[in-house]
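*Asks:* sequence-free structure coming up:
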């Protein structure tokens, strides 16, 4: 049995059936390793699936607008190589040059926020307002981490899944399960409504103590990842572990030819995430 495992947790909105979604996540990760590092290493992967708590039935495969689609071309996928000034401009362009006062505009999950981001946050509203929903969603990840206690764990959390992952890790801070690498992708953990709830429940926003590395990957065009930098929102652990923020290029293109900067498959195969998974797998080989 492998001493290491990659665990993923998906984000908001309804999803395809659990087995299919898990297969597509694994294929995306393996595509990235193959394209970016010419690696075909076996990947021990498990997906924490919670869409069924919010939705009575999964999306039929024939009706999925954004399925897993392999990237075009050959060779390594595109890295984000913008300069510091270019990064600032890219983020500013996301808002059409409008300076967003996050503390004022985004302190609640209102229709104004939905309109600003172009995304409905019904799942997140239920998570915060319905204790039963919140506990059931968290329990899915708690059970997965308990099943793999004692292993090296790389936890990849997309979108709202990053909120669930963060909350669960704070809940489990004083338990023996350690996370070798937490990777948040397309994360809304910088939204004031989220940090407000974290402070209310846990008294502060800090890196969970059992996390050895935390990398936050964000495409500047991803509106869910409104705040591309989490370093200034989450204090380091007493041991000095802090969030490392990296911008990436999410090149996912859907069936209609549209670029979806928030898509999980696009994030999962980026060179920056492949670097993390390659290093994680290499560490297993050294054990």
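*Replies:* Noted; the coordinates are in hand. Remember, predicted model here, so these are calculated numbers, not experimental data.
*Asks:* low-confidence ranges in the stretch 51-200 of the chain?
*Replies:* Within the stretch 51-200 of the chain, the stretches falling below the threshold (pLDDT under 70) are 83-120.
*Asks:* Let's see that with 90 instead.
*Replies:* Applying pLDDT under 90 to the predicted model, the residue ranges of the stretch 51-200 of the chain that meet it are 65, 81-125, 174-177, 191-193.
*Asks:* Enumerate the strands of it by residue range, in sequence order.
*Replies:* 152-158, 181-185 (DSSP state E, counting those that start in this stretch).
*Asks:* Please spell out which residues along the last one are buried.
*Replies:* Read it as strand 181-185. 181-185 (16 or more other C-beta atoms under 10 Å). For the C-beta atoms, the positions are set from N, CA and C on the backbone; glycine is no exception.
*Asks:* would TSV of these with distance to residue 211 be doable?
*Replies:* Shown next, in TSV, are the buried residues of strand 181-185 (distance: C-beta to C-beta, whole Å):
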residue	distance to residue 211
181	8
182	5
183	11
184	11
185	15
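*Asks:* returning to that earlier point: mind checking the strands of the stretch 51-200 of the chain for the one nearest to residue 78?
*Replies:* Each of the strands of the stretch 51-200 of the chain has some distance to residue 78 by C-beta to C-beta; the shortest is strand 181-185, at 16.1 Å.
*Asks:* ok, the closest one: who's next to it in the sheet?
*Replies:* For strand 181-185, the pairing partners within the sheet under DSSP bridges are strand 152-158 (parallel), strand 214-218 (parallel).
*Asks:* which residues are in contact with that strand?
*Replies:* When contacts are taken as C-beta atoms under 8 Å, 6 or more residues apart in numbering, the neighbours of strand 181-185 outside the stretch itself are 154-159, 162, 165-166, 169, 208, 211-218, 230, 264, 267-268, 273, 276, 280.
*Asks:* Nice, that's everything, thank you.
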